[in-house]
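Asks: got a sequence here, can you build the structure:
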Amino acid sequence: MAITSAALTAKAKFSIHSYFDTWNRVLLDGFFGGLMVCFSSFVTIYILRPIFFFLFSRNEILEVDFSDLGLPHT
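Replies: Okay, the predicted model is just below:
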């Protein structure tokens with residue numbers, strides 16, 4: 001897949017300089033993109049998931065009282 005991507009890029013005469021001024025910007029964009037993925041994963045796993053678990057796993061929300069429906073007990 002990487003070889004095919006490189007071949008198609010070369011065939012299309014793609015130039016990285018049409019998107020970035022220097023190779024330093026390419027490296028910085030990759031670095032900060034990786035930081036963004038790590039940060040969003042951290043927030044999702046360690047901050048949002050415990051909040052949602054706390055909110056949606058409380059017993060008050062899950063308890064349903066069917067005693068007033070007049071159904072026979074099994």
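Asks: run a quick neighbour tally on Ile45.
Replies: 10 (other CB atoms under 10 Å). Placement of C-beta: from N, CA and C, glycine included.
Asks: then Ile16?
Replies: Ile16: 12 surrounding residues under other CB under 10 Å.
Asks: go ahead and name everything in contact with stretch 23-38.
Replies: Stretch 23-38 is contacted by residues Ile16, Phe20 when judged by CB atoms under 8 Å, 6 or more residues apart in numbering.
Asks: ok, longest helix in the protein?
Replies: helix 23-43 (DSSP state H).
Asks: can I get that one in CSV, CA atoms only?
Replies: The C-alpha trace of helix 23-43 is given here as CSV (Å, rounded to 0.1, in the frame of the first residue of the first chain):
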residue,chain,number,x,y,z
TRP,A,23,10.0,20.4,5.6
ASN,A,24,10.1,21.8,9.1
ARG,A,25,6.4,22.7,8.8
VAL,A,26,5.6,19.1,7.6
LEU,A,27,7.4,17.7,10.7
LEU,A,28,5.7,20.1,13.0
ASP,A,29,2.3,19.4,11.6
GLY,A,30,2.8,15.7,12.0
PHE,A,31,4.1,16.2,15.6
PHE,A,32,1.2,18.4,16.6
GLY,A,33,-1.3,16.2,14.9
GLY,A,34,0.0,13.3,17.0
LEU,A,35,-0.2,15.3,20.1
MET,A,36,-3.8,16.2,19.3
VAL,A,37,-4.7,12.5,18.9
CYS,A,38,-3.0,11.6,22.2
PHE,A,39,-4.7,14.5,24.0
SER,A,40,-8.2,13.7,22.7
SER,A,41,-7.7,10.0,23.6
PHE,A,42,-6.6,10.9,27.1
VAL,A,43,-9.6,13.2,27.5
